[in-house]
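Enquirer: Sequence isn't available, so here's the structure alone:
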(Lines give C-alpha, C1' and ligand atoms only; values in the text may rest on other atoms or scores of the structure.)
Protein backbone atom coordinates (compact mmCIF):
# COMPACT_ATOMS: atom_id res chain seq x y z
CA UNK A 1 0.00 0.00 0.00
CA UNK A 2 2.76 2.42 0.90
CA UNK A 3 4.88 1.65 -2.17
CA UNK A 4 2.02 1.90 -4.68
CA UNK A 5 0.87 5.17 -3.11
CA UNK A 6 4.42 6.55 -3.24
CA UNK A 7 4.86 5.59 -6.90
CA UNK A 8 1.45 7.11 -7.69
CA UNK A 9 2.20 10.42 -5.97
CA UNK A 10 5.85 10.79 -7.02
CA UNK A 11 6.63 8.39 -9.85
CA UNK A 12 3.57 8.91 -12.05
CA UNK A 13 3.96 12.74 -12.31
CA UNK A 14 7.68 12.34 -13.09
CA UNK A 15 6.89 9.76 -15.76
CA UNK A 16 4.26 12.00 -17.35
CA UNK A 17 6.62 14.99 -17.35
CA UNK A 18 9.37 12.99 -19.06
CA UNK A 19 7.47 10.67 -21.40
CA UNK A 20 3.92 11.97 -21.54
CA UNK A 21 1.06 9.49 -21.55
CA UNK A 22 -0.28 7.40 -24.41
CA UNK A 23 -3.79 6.22 -25.16
CA UNK A 24 -2.78 2.59 -24.72
CA UNK A 25 -1.45 3.27 -21.22
CA UNK A 26 -4.68 4.94 -20.12
CA UNK A 27 -6.82 2.28 -21.81
CA UNK A 28 -4.98 -0.54 -20.06
CA UNK A 29 -5.26 1.16 -16.66
CA UNK A 30 -8.99 1.83 -17.09
CA UNK A 31 -9.59 -1.76 -18.22
CA UNK A 32 -7.76 -3.18 -15.20
CA UNK A 33 -9.51 -0.77 -12.82
CA UNK A 34 -12.90 -1.96 -13.97
CA UNK A 35 -11.89 -5.62 -14.35
CA UNK A 36 -10.46 -5.89 -10.84
CA UNK A 37 -13.11 -3.81 -9.08
CA UNK A 38 -16.01 -5.58 -10.80
CA UNK A 39 -14.39 -8.92 -9.98
CA UNK A 40 -14.49 -7.91 -6.31
CA UNK A 41 -18.04 -6.52 -6.37
CA UNK A 42 -19.60 -9.13 -8.67
CA UNK A 43 -17.45 -12.09 -7.64
CA UNK A 44 -15.83 -11.85 -4.23
CA UNK A 45 -18.74 -9.95 -2.71
CA UNK A 46 -22.13 -10.73 -4.23
CA UNK A 47 -21.38 -14.16 -5.71
CA UNK A 48 -19.10 -15.76 -3.13
CA UNK A 49 -19.64 -13.89 0.15
CA UNK A 50 -23.43 -13.71 -0.08
CA UNK A 51 -24.46 -16.24 -2.72
CA UNK A 52 -26.72 -13.60 -4.26
CA UNK A 53 -26.69 -15.50 -7.56
CA UNK A 54 -25.09 -18.47 -9.25
CA UNK A 55 -22.73 -18.35 -12.24
CA UNK A 56 -21.09 -20.65 -14.75
CA UNK A 57 -17.46 -21.71 -14.75
CA UNK A 58 -16.22 -18.95 -17.05
CA UNK A 59 -17.63 -16.19 -14.85
CA UNK A 60 -16.28 -17.83 -11.71
CA UNK A 61 -12.79 -18.12 -13.22
CA UNK A 62 -12.70 -14.54 -14.55
CA UNK A 63 -13.73 -12.99 -11.21
CA UNK A 64 -11.17 -15.11 -9.36
CA UNK A 65 -8.42 -14.19 -11.83
CA UNK A 66 -8.94 -10.43 -11.90
CA UNK A 67 -10.12 -10.43 -8.27
CA UNK A 68 -6.71 -11.78 -7.30
CA UNK A 69 -5.19 -8.91 -9.30
CA UNK A 70 -6.91 -6.48 -6.95
CA UNK A 71 -4.54 -7.68 -4.19
CA UNK A 72 -7.32 -7.98 -1.62
CA UNK A 73 -6.56 -11.53 -0.47
CA UNK A 74 -7.97 -14.78 -1.82
CA UNK A 75 -11.71 -15.10 -2.32
CA UNK A 76 -11.95 -17.52 0.62
CA UNK A 77 -10.19 -15.13 3.00
CA UNK A 78 -12.12 -12.12 1.67
CA UNK A 79 -15.47 -13.87 1.99
CA UNK A 80 -14.66 -15.19 5.47
CA UNK A 81 -13.79 -11.74 6.77
CA UNK A 82 -16.78 -10.16 5.08
CA UNK A 83 -19.17 -12.70 6.56
CA UNK A 84 -17.68 -11.99 9.99
CA UNK A 85 -18.20 -8.28 9.36
CA UNK A 86 -21.90 -8.82 8.68
CA UNK A 87 -22.41 -11.22 11.58
CA UNK A 88 -20.51 -9.18 14.16
CA UNK A 89 -20.79 -5.64 12.76
CA UNK A 90 -19.77 -2.91 15.22
CA UNK A 91 -18.44 -5.40 17.78
CA UNK A 92 -14.92 -6.51 18.68
CA UNK A 93 -15.30 -9.51 16.33
CA UNK A 94 -15.92 -7.23 13.34
CA UNK A 95 -12.64 -7.36 11.32
CA UNK A 96 -12.91 -3.71 10.26
CA UNK A 97 -14.84 -2.33 13.19
CA UNK A 98 -15.69 1.36 12.70
CA UNK A 99 -15.88 1.73 16.49
CA UNK A 100 -12.07 1.67 16.46
CA UNK A 101 -12.04 4.79 14.32
CA UNK A 102 -12.25 5.87 10.69
CA UNK A 103 -8.63 5.11 9.80
CA UNK A 104 -8.65 1.73 11.51
CA UNK A 105 -11.71 0.69 9.48
CA UNK A 106 -10.13 2.10 6.32
CA UNK A 107 -6.66 0.56 6.44
CA UNK A 108 -5.50 0.09 10.02
CA UNK A 109 -7.13 -3.32 10.31
CA UNK A 110 -4.86 -4.52 7.49
CA UNK A 111 -1.71 -2.96 8.93
CA UNK A 112 -2.28 -4.34 12.43
CA UNK A 113 -3.96 -7.56 11.26
CA UNK A 114 -5.66 -8.62 14.49
CA UNK A 115 -8.16 -10.92 12.81
CA UNK A 116 -7.94 -14.71 13.10
CA UNK A 117 -7.49 -16.59 9.84
CA UNK A 118 -10.12 -19.23 10.57
CA UNK A 119 -12.31 -20.26 7.63
CA UNK A 120 -15.05 -22.14 9.47
CA UNK A 121 -17.68 -19.81 7.98
CA UNK A 122 -16.78 -20.59 4.35
CA UNK A 123 -17.08 -24.37 4.35
CA UNK A 124 -19.63 -24.07 1.55
CA UNK A 125 -17.10 -22.28 -0.64
CA UNK A 126 -14.40 -24.84 0.07
CA UNK A 127 -16.40 -27.37 -1.94
CA UNK A 128 -15.18 -25.54 -5.05
CA UNK A 129 -11.83 -26.80 -6.27
CA UNK A 130 -11.25 -23.55 -8.16
CA UNK A 131 -11.70 -21.45 -5.02
CA UNK A 132 -9.42 -23.74 -3.02
CA UNK A 133 -6.76 -23.56 -5.75
CA UNK A 134 -6.91 -19.76 -5.85
CA UNK A 135 -6.51 -19.66 -2.08
CA UNK A 136 -3.63 -22.15 -1.96
CA UNK A 137 -1.74 -20.46 -4.80
CA UNK A 138 -2.99 -16.93 -4.29
CA UNK A 139 0.41 -15.20 -4.76
CA UNK A 140 0.71 -16.72 -8.24
CA UNK A 141 -2.84 -15.71 -9.18
CA UNK A 142 -2.30 -12.18 -7.84
CA UNK A 143 1.09 -11.63 -9.47
CA UNK A 144 -0.13 -13.15 -12.73
CA UNK A 145 -3.25 -10.99 -13.01
CA UNK A 146 -2.07 -7.84 -11.26
CA UNK A 147 1.56 -7.57 -12.36
CA UNK A 148 2.55 -9.95 -15.16
CA UNK A 149 -0.57 -9.37 -17.26
CA UNK A 150 -0.22 -5.54 -17.41
CA UNK A 151 3.55 -5.76 -17.94
CA UNK A 152 3.10 -8.15 -20.87
CA UNK A 153 0.49 -5.88 -22.45
CA UNK A 154 2.76 -2.90 -21.78
CA UNK A 155 5.67 -4.66 -23.47
CA UNK A 156 3.54 -5.47 -26.51
CA UNK A 157 2.55 -1.80 -26.83
CA UNK A 158 6.04 -0.49 -26.08
CA UNK A 159 5.19 1.00 -22.67
CA UNK A 160 6.47 -1.35 -19.96
CA UNK A 161 7.39 1.42 -17.52
CA UNK A 162 4.10 3.16 -18.21
CA UNK A 163 2.23 -0.07 -17.49
CA UNK A 164 4.04 -0.34 -14.17
CA UNK A 165 3.28 3.26 -13.20
CA UNK A 166 -0.34 3.42 -14.34
CA UNK A 167 -1.75 -0.10 -14.51
CA UNK A 168 0.00 -1.44 -11.42
CA UNK A 169 0.88 1.35 -8.97
CA UNK A 170 -1.73 4.01 -9.72
CA UNK A 171 -4.46 1.48 -10.42
CA UNK A 172 -3.86 -0.31 -7.12
CA UNK A 173 -3.77 2.93 -5.15
CA UNK A 174 -7.09 4.03 -6.65
CA UNK A 175 -8.92 0.73 -6.39
CA UNK A 176 -7.70 -0.25 -2.93
CA UNK A 177 -8.56 3.05 -1.29
CA UNK A 178 -11.89 3.20 -3.11
CA UNK A 179 -12.77 -0.25 -1.81
CA UNK A 180 -11.65 0.60 1.72
CA UNK A 181 -13.97 3.62 1.77
CA UNK A 182 -16.87 1.16 2.10
CA UNK A 183 -15.43 0.09 5.45
CA UNK A 184 -14.72 3.64 6.61
CA UNK A 185 -16.79 6.34 4.88
CA UNK A 186 -19.85 4.13 4.28
CA UNK A 187 -19.88 3.34 8.01
CA UNK A 188 -19.60 7.01 8.97
CA UNK A 189 -21.62 9.30 6.69
CA UNK A 190 -24.87 8.75 4.87
CA UNK A 191 -28.48 7.68 5.43
CA UNK A 192 -29.86 4.79 7.47
CA UNK A 193 -33.31 4.20 6.03
CA UNK A 194 -33.38 0.41 6.34
CA UNK A 195 -31.51 -0.42 9.55
CA UNK A 196 -30.93 2.47 11.99
CA UNK A 197 -29.18 0.16 14.47
CA UNK A 198 -26.24 -0.48 12.12
CA UNK A 199 -23.36 1.92 11.49
CA UNK A 200 -23.60 1.06 7.78
CA UNK A 201 -24.81 4.01 5.69
CA UNK A 202 -26.14 4.52 2.18
CA UNK A 203 -23.52 6.81 0.66
CA UNK A 204 -23.90 7.80 -3.02
CA UNK A 205 -20.30 9.00 -3.30
CA UNK A 206 -18.97 5.59 -2.23
CA UNK A 207 -21.41 3.98 -4.65
CA UNK A 208 -19.92 5.94 -7.55
CA UNK A 209 -16.38 4.97 -6.56
CA UNK A 210 -17.14 1.28 -6.07
CA UNK A 211 -19.64 0.47 -8.82
CA UNK A 212 -22.64 0.39 -6.52
CA UNK A 213 -21.33 -0.90 -3.20
CA UNK A 214 -22.05 2.36 -1.38
CA UNK A 215 -25.71 1.60 -0.66
CA UNK A 216 -24.43 -0.05 2.45
CA UNK A 217 -27.29 0.37 4.90
CA UNK A 218 -29.63 -1.43 2.52
CA UNK A 219 -26.99 -4.10 1.96
CA UNK A 220 -26.56 -4.76 5.68
CA UNK A 221 -30.33 -5.14 6.11
CA UNK A 222 -30.68 -7.36 3.02
CA UNK A 223 -27.22 -8.85 2.34
CA UNK A 224 -28.50 -11.64 0.10
CA UNK A 225 -29.97 -9.29 -2.52
CA UNK A 226 -27.96 -9.22 -5.76
CA UNK A 227 -28.69 -5.50 -5.85
CA UNK A 228 -27.31 -2.82 -3.54
CA UNK A 229 -28.96 0.15 -5.21
CA UNK A 230 -32.61 -0.73 -5.69
CA UNK A 231 -33.93 2.49 -7.24
CA UNK A 232 -33.68 3.22 -10.97
CA UNK A 233 -31.52 6.26 -10.25
CA UNK A 234 -29.10 4.43 -7.95
CA UNK A 235 -25.62 4.03 -9.38
CA UNK A 236 -25.15 0.27 -9.15
CA UNK A 237 -23.56 -1.03 -12.38
CA UNK A 238 -22.63 -4.24 -10.56
CA UNK A 239 -26.28 -5.29 -10.40
CA UNK A 240 -26.67 -4.57 -14.12
CA UNK A 241 -23.67 -6.75 -14.93
CA UNK A 242 -25.20 -9.58 -12.90
CA UNK A 243 -28.54 -9.00 -14.64
CA UNK A 244 -26.85 -8.99 -18.06
CA UNK A 245 -25.03 -12.21 -17.25
CA UNK A 246 -28.37 -13.77 -16.38
CA UNK A 247 -29.82 -12.67 -19.73
CA UNK A 248 -26.84 -14.32 -21.44
CA UNK A 249 -27.41 -17.54 -19.55
CA UNK A 250 -24.16 -17.17 -17.61
CA UNK A 251 -25.82 -16.42 -14.25
CA UNK A 252 -29.06 -17.58 -12.66
CA UNK A 253 -31.02 -17.77 -9.38
CA UNK A 254 -30.65 -14.04 -8.79
CA UNK A 255 -31.87 -13.36 -5.25
CA UNK A 256 -34.07 -10.30 -4.87
CA UNK A 257 -35.65 -8.97 -1.67
CA UNK A 258 -39.46 -8.87 -1.94
CA UNK A 259 -40.88 -5.35 -2.14
CA UNK A 260 -43.05 -5.86 0.93
CA UNK A 261 -39.98 -6.59 3.08
CA UNK A 262 -38.32 -3.40 1.84
CA UNK A 263 -41.43 -1.34 2.60
CA UNK A 264 -41.66 -2.90 6.07
CA UNK A 265 -38.02 -2.01 6.78
CA UNK A 266 -38.63 1.59 5.71
CA UNK A 267 -41.72 1.80 7.91
CA UNK A 268 -39.90 0.34 10.91
CA UNK A 269 -37.07 2.82 10.50
CA UNK A 270 -39.49 5.73 10.15
CA UNK A 271 -41.32 4.66 13.32
CA UNK A 272 -38.00 4.36 15.17
CA UNK A 273 -36.92 7.87 14.17
CA UNK A 274 -40.33 9.46 14.85
CA UNK A 275 -40.52 11.62 18.00
CA UNK A 276 -42.39 10.04 20.92
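Expert: Arrived safely, thanks for sending. Only a predicted model underlies this, so the values are computations on that prediction, with no experimental measurement involved.
Enquirer: residues in contact with residue 213?
Expert: 41, 45, 179, 182, 186, 206, 207, 219, 228, 238 (CB atoms under 8 Å, 6 or more residues apart in numbering). Any C-beta I mention is one placed from the backbone N, CA and C, and that applies to glycine too.
Enquirer: any idea which of these is closest to residue 16?
Expert: residue 179 (25.2 Å; CB to CB).
Enquirer: just checking, that closest one touches residue 210?
Expert: Yes. Residue 179 lies in contact with residue 210 (CB atoms under 8 Å); the separation is 6.3 Å.
Enquirer: any shared contact partners between these two?
Expert: What both residue 179 and residue 210 touch, as defined by CB under 8 Å, 6+ apart, is the set residue 37.
Enquirer: more neighbours, the two?
Expert: Shown here are residue 179 and residue 210; by other CB atoms under 10 Å, residue 210 has more neighbours (27 against 22).
Enquirer: What's the separation between that one and residue 127?
Expert: Relative to residue 127, residue 210 is positioned 29 Å away (CB to CB, to the nearest Å).
Enquirer: what about residue 104, neighbour count?
Expert: So residue 104, with other CB under 10 Å, has 19 neighbours.
Enquirer: List the residues that contact it.
Expert: 96, 97, 98, 112.
Enquirer: what's the most distant pair in those?
Expert: So, the contacts of residue 104 by CB to CB: farthest apart are 98 and 112, at 15.0 Å.
Enquirer: More neighbours: which of these two?
Expert: Ranked by neighbour count (other CB under 10 Å), residue 98 and residue 112 place residue 98 first, with 21 against 10.
Enquirer: Tell me the spatial nearest neighbour of that one, not counting adjacent residues.
Expert: residue 187 (4.0 Å; CB to CB, 6 or more residues apart in numbering).
Enquirer: what about that neighbour, neighbour count?
Expert: 29.
Enquirer: Mind jotting down where the helices sit in the stretch 151-276 of the chain?
Expert: Assigned by DSSP state H, counting those that start in this stretch, the stretch 151-276 of the chain shows helices spanning 160-162, 171-184, 204-209, 216-221, 237-247, 259-273.
Enquirer: Tell me which of those lies nearest to residue 80.
Expert: Here helix 171-184 is closest among the helices of the stretch 151-276 of the chain (CB to CB), at 15.3 Å.
Enquirer: So what touches that closest one?
Expert: 1, 4-5, 7-8, 29, 32-33, 36-37, 40, 70-72, 96, 98, 102-103, 105-107, 109, 146, 150, 206, 209-210, 213-214, 216.
Enquirer: Could you identify the buried members of those?
Expert: When neighbours are counted using 16 or more other CB atoms under 10 Å, the contacts of helix 171-184 contain these buried positions: 4, 7-8, 29, 32-33, 36-37, 40, 70-72, 96, 98, 105-107, 109, 146, 150, 206, 209-210, 213-214, 216.
Enquirer: Tell me if I'm right that residue 211 and residue 238 touch.
Expert: Yes. The pair residue 211 / residue 238 is scored as a contact, 4.9 Å apart, by CB under 8 Å.
Enquirer: Quick check: neighbours shared by these two?
Expert: Applying CB under 8 Å, 6+ apart, one finds that residue 211 and residue 238 are jointly contacted by 38, 41.
Enquirer: So which of the two has more stuff around it?
Expert: Each of residue 211 and residue 238 has its neighbours counted (other CB under 10 Å); residue 238 has more, 25 against 22.
Enquirer: Now do the more buried one against residue 151, distance only.
Expert: 28 Å.
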